[in-house]
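Colleague: any chance you can model this:
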Amino acid sequence: MPRALLCFSVIVASIAVLTCSRVDENAAALEVDFQWNPPCTDLFMSPEIRLGGIPEGTARFYVTLTDLELPAFDHGNGFVKYDNRSVLPSGAVRGSYAGPSPPYGVTHRYEIKVRALDKDDNVLAVGKKALKYPPEGEKEVRWMPCGKKG
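Modeller: The predicted structure follows:
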């Protein structure tokens with residue numbers, strides 16, 4: 001990715017986060033559920049995210065991924081247009097999303113946070129869920145798109 005484009009993306013994402021974070025405390029609760037899909041996790045494809053309690057007036061969602069053991073590492077974010085469905089399909093988060101990537105042999109906790117936004121990007125509801133990655137019982141995680149042999 002060209003450096004200028006990367007810098008622009010970081011600036012836009014920072015503005016969106018600052019704008020959203022000012023009103024999170026007044027927002028309604030949004031139910032968020034997801035599961036990792038190893039061993040075929042694509043580093044740049046968000047997991048399917050199931051939502052509940054989506055408020056009326058929602059126009060789109062702002063989704064972030066945070067490594068709770070290393071919050072300074074930016075795993076990115078993205079906007080997803082609301083199409084009256086309660087499921088954001090795998091890969092729906094576009095933008096700077098980069099999936100979980102702890103060091104080999106180490107487990108980290110990752111949090112997906114979803115903000116429901118109205119047409120003016122006011123935060124209507126916020127929800128989050130954290131899961132360990134790799135999930136318990138997974139000894140090896142291979143980064144490859146699902147459906148491909150590696």
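
Colleague: and after the lowest-mean-pLDDT helix or strand in the chain, which helix or strand comes next?
Modeller: In the chain, the helix or strand scored least confidently by mean pLDDT, DSSP states H and E is helix 3-21, which has a mean of 47. On the C-terminal side of helix 3-21, the nearest following helix or strand under DSSP states H and E is strand 28-29.

Colleague: quick one: mean pLDDT for that next one?
Modeller: The average pLDDT for strand 28-29 rounds to 95.

Colleague: same check, this time on stretch 121-133
Modeller: 96.

Colleague: using CSV, write out every CA atom in it.
Modeller: Coordinates of each C-alpha in stretch 121-133 appear next as CSV, following Å, rounded to 0.1, in the frame of the first residue of the first chain:
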residue,chain,number,x,y,z
ASP,A,121,-22.8,9.0,11.8
ASN,A,122,-24.3,9.5,15.3
VAL,A,123,-23.8,6.4,17.5
LEU,A,124,-27.1,4.7,18.3
ALA,A,125,-25.8,1.5,19.9
VAL,A,126,-22.5,-0.1,20.8
GLY,A,127,-21.7,-3.8,21.5
LYS,A,128,-18.5,-5.9,21.7
LYS,A,129,-17.3,-9.4,22.3
ALA,A,130,-13.8,-10.8,22.9
LEU,A,131,-12.5,-14.2,22.1
LYS,A,132,-9.1,-15.9,22.4
TYR,A,133,-7.1,-16.5,19.2
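
Colleague: and that stretch, how far out from the chain middle?
Modeller: The chain centroid and the centroid of stretch 121-133 are separated by 8 Å under Cα atoms, centre = their mean, to the nearest Å.
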